[in-house]
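Chemist: could you look at this predicted model? Sequence included:
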Amino acid sequence: MKNFLNKIKLYIVAHKIVSAIIVIVILILGNWIYGKMTSTAGDTRYITAKVERGTIIASVSGSGQVSSSNQVDIKSKVSGDAIYIAAQNGQKISKGALIAELDNTDARKSVRDAELSLQSAQISLEKLKIQNSNDNLNADLVKAYDDGFNAVSDAFLDLPSTITGLENLLNQNSLSDNAARVSGKTAQDYRAVAEIAYYDAKNTFEINRTYYRTLNHNSPKEDIDKIINQTYETTKLVADAIKKLRNFVDYLSEDTGRTSEFTTYQNTLSTYTNTINGHLDSLLTIKASIKNYNDAFPNANLDLQSSQLSVELKRNALQDAKDKLADYFIRAPFDGTLALINIKKADSVSIGTVVATLITKTQLAEISLNEVDVAKIKIGQKSTLTFDAIPDLTISGVVADIDTIGTVSQGVVTYTVKISFDKQDERIKPEMSVSATIITDMKQDVLVVPNSAIKSQAGTSYVESFDKPLTPPTNGLIGSISTISPKKIPVEVGLTNDSESEIISGIKEGDVIVTRTILPTTGATTAAPSLFGGTGGNRGSTGGGTRIPSR
């Protein structure tokens, strides 16, 4: 009995195991089948983002030591003759105080010319705003359509009498009789050609006049467009009929030798020609005018953007000229004592000449930069400094000096840049290791996109976008699926850093663009021909920066 019960238990256990295995197999097969049915491995997916405004910062980084010397050479950034020496040896001097002034006549002229150029660009922009305002464009277009209908009406004052006059001429017995008398077929051919041209013009005129009588000045623009084009074509046919009838009359006059007999007919046809040609000119002019005004609407914004960009460029040029003028006034970068003035009045000073040597209590950092990065550095640029020995300390500084001659070591050229500290900290000691990030450029309230969104082809930068919004991703997938390829939108790129770029034109705030494309099956991101020489916009380790979104 006991053995029998044990067998039953074993049977039940074995049955449960088999049932469990069957359930697991069913689940695995079900998931596999469901995965095959719902898989998107064969679809291209797109990650998109909205274009935002923000602040983009470009910078370069380097490392070095806290200087053990508090001596800085003050160098000239420009060339010129010294016209004024404002300080002397041993004099204590404050930050920003004038040390010397160089002849800046040409620099002042450049500022003046840049101011005038900016004023001219601003005036052009204001004129364009007035000309391209929607009210003005609409008023001009309304007037053009009104003038067009008037031109059609004027044509229909003369077209009926011209058509009747041509018919009367063709039916003149003297023309018919002479055509029959003169040498045969040629005269009859001229008459046949004139008749065909006349009936073509008359039939078209009748259709045209019927449509014209259904319209008025308040008719839809599409209808006025149509009647202008119809009347222009009718008038061309009438002009052709006049020409062919004139050919017939001239032939009879020459062939018979009785020119006086046909003079009246020729004069009448000349009058018709002048009248009809006048209407042709008016209709053609109005057609061109309406087209120009219609074309002006889509082009108005582009013209304004171009003019606004011109103003911005002129404003930047003025600021550059002012900055250049300021370089002719050599000032102390911080408080200190002038140990030595190296120039005197009337001396010729070159770029990089040491004008004075300043001894200061301000601490300095000496940073080593390569030749690529140092070309982006200017005296007066802001910097942030961190210290290995004091991890919780970050202070700001200003570029105070840049080596004019580099140091070559194993074929690598480096330059020493001195950065003055904006504040002193007793924890900072000479020779401490220091890292510096120098801000080389910054743009505020500009359109900013990830570098991965910008691609390049045949020297043109572009981003990609879809005409219609994509369906949001589902089932935990990355990116949205689209069977339609995105369109390419050419853009103008401005300031860039390691991760993002400024867009000057081509797109606007709020536009949705593709920031990454995921290929089918592999899940790999496309190796797009990036503007920056690699996929995703990477440009190597030099340079840097960040972007602060606008709020």
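Modeler: Thanks, I have it.

Chemist: averaged pLDDT, the lengthiest strand in the chain. What do you get?
Modeler: The longest strand of the chain (DSSP state E) is strand 433-450. Strand 433-450 shows a mean pLDDT of 92.

Chemist: likewise stretch 472-489?
Modeler: For stretch 472-489, the per-residue pLDDT averages 81.

Chemist: next up, the contacts around Pro473.
Modeler: The contact partners of Pro473, taken as CB atoms under 8 Å, 6 or more residues apart in numbering, are 45, 479-481. (Each C-beta comes from the backbone N, C-alpha and C, glycine too.)

Chemist: filter the residues you listed down to the buried ones.
Modeler: Buried by 16 or more other CB atoms under 10 Å: 45, 479-481, out of the contacts of Pro473.

Chemist: closest one of those residues to Ile74?
Modeler: Nearest to Ile74 among the buried ones among the contacts of Pro473, counting by CB to CB, is Gly479 at 56.0 Å.

Chemist: dump the residue contacts of the nearest residue to the closest one once chain neighbours are set aside.
Modeler: In this structure, Gly479 finds its nearest non-sequential neighbour in Arg45, 3.3 Å apart by CB to CB, 6 or more residues apart in numbering. Contacts for Arg45 (CB under 8 Å, 6+ apart) come out as 473, 477-482, 517-518.

Chemist: and of those, the nearest to Ala339?
Modeler: Distances from Ala339 to those, taken by CB to CB, are shortest for Thr517, at 61.5 Å.

Chemist: hey, what's that closest one bridged with?
Modeler: Bridge pairing for Thr517 (DSSP bridges) gives the partners Tyr46.

Chemist: how close does it get to Lys455?
Modeler: Going from Thr517 to Lys455 by CB to CB, to the nearest Å gives 10 Å.

Chemist: with Gln319 instead?
Modeler: Taken as CB to CB, the span from Gln319 to Lys455 is 32 Å.

Chemist: between those two, which has more neighbouring residues?
Modeler: Lys455 (22 against 13; other CB atoms under 10 Å).

Chemist: mind checking the backbone torsions on that one?
Modeler: Phi and psi for Lys455, reported as degrees, to the nearest 10, are phi -120, psi 170.

Chemist: what pLDDT is listed against it?
Modeler: So Lys455 comes in at 92 (pLDDT).

Chemist: tell me the buried residues in stretch 507-526?
Modeler: Along stretch 507-526, these residues count as buried under the neighbour rule (16+ other CB under 10 Å): 507, 511, 513-518.

Chemist: repeat for stretch 328-347
Modeler: Buried residues in stretch 328-347, counted by 16+ other CB under 10 Å: 328, 330-334, 336, 338, 341, 343.

Chemist: pull up the pairing partners for the longest strand of the chain, direction included.
Modeler: Sheet pairing here is set by DSSP bridges, and for strand 433-450 it gives strand 52-66 (antiparallel), strand 382-387 (antiparallel), strand 500-505 (antiparallel).

Chemist: what's in contact with the last one?
Modeler: By CB under 8 Å, 6+ apart, the residues outside strand 500-505 that reach it are 51, 56, 305, 309, 443, 446-451, 454, 463, 491-496, 531, 537, 545, 547.

Chemist: what do you get for the second one?
Modeler: Counting by CB under 8 Å, 6+ apart, the neighbours of strand 382-387 from elsewhere in the structure are 66, 365, 393-399, 419, 421, 428, 432-439.

Chemist: and if we set it to 10 Å?
Modeler: With contacts defined as CB atoms under 10 Å, 6 or more residues apart in numbering, strand 382-387 is touched by 59-63, 66, 363, 365, 367, 377, 392-399, 417, 419-422, 425, 427-429, 432-440, 442.

Chemist: of the residues you listed, select the buried ones using a ChimeraX command.
Modeler: The buried residues among these can be selected in ChimeraX (16+ other CB under 10 Å) with this line:
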select :59,60,61,62,66,363,365,367,377,395,397,398,399,417,419,420,421,428,432,434,435,436,437,438,439,440,442
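
Chemist: low-scoring stretches of this protein, by residue?
Modeler: 1-20, 22-23, 25-42, 130-139, 177-185, 295-303, 475-476, 521-551 (pLDDT under 70).

Chemist: recalculate using a threshold of 80.
Modeler: 1-43, 68-69, 128-142, 173-185, 187, 255-259, 292-305, 473-477, 483, 519-551 (pLDDT under 80).

Chemist: how does it divide into domains?
Modeler: 1-39, 45-55+444-549, 134-312 (automatic domain parsing).

Chemist: possible to save those domains as TSV with distance to Gly90?
Modeler: Shown next, in TSV, are the domains of the chain (distance: least, CB to CB, whole Å):
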stretch	distance to Gly90
domain 1-39	83
domain 45-55+444-549	42
domain 134-312	47
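
Chemist: out of those, which gets nearest to Ala86?
Modeler: Taking CB to CB, domain 45-55+444-549 is the member of these nearest to Ala86, at 35.0 Å.

Chemist: how far is the closest one from where the chain is centred?
Modeler: 16 Å (CA atoms, centre = their mean, to the nearest Å).

Chemist: next: stretch 257-273.
Modeler: On CA atoms, centre = their mean, the centre of stretch 257-273 falls 62 Å from that of its chain.
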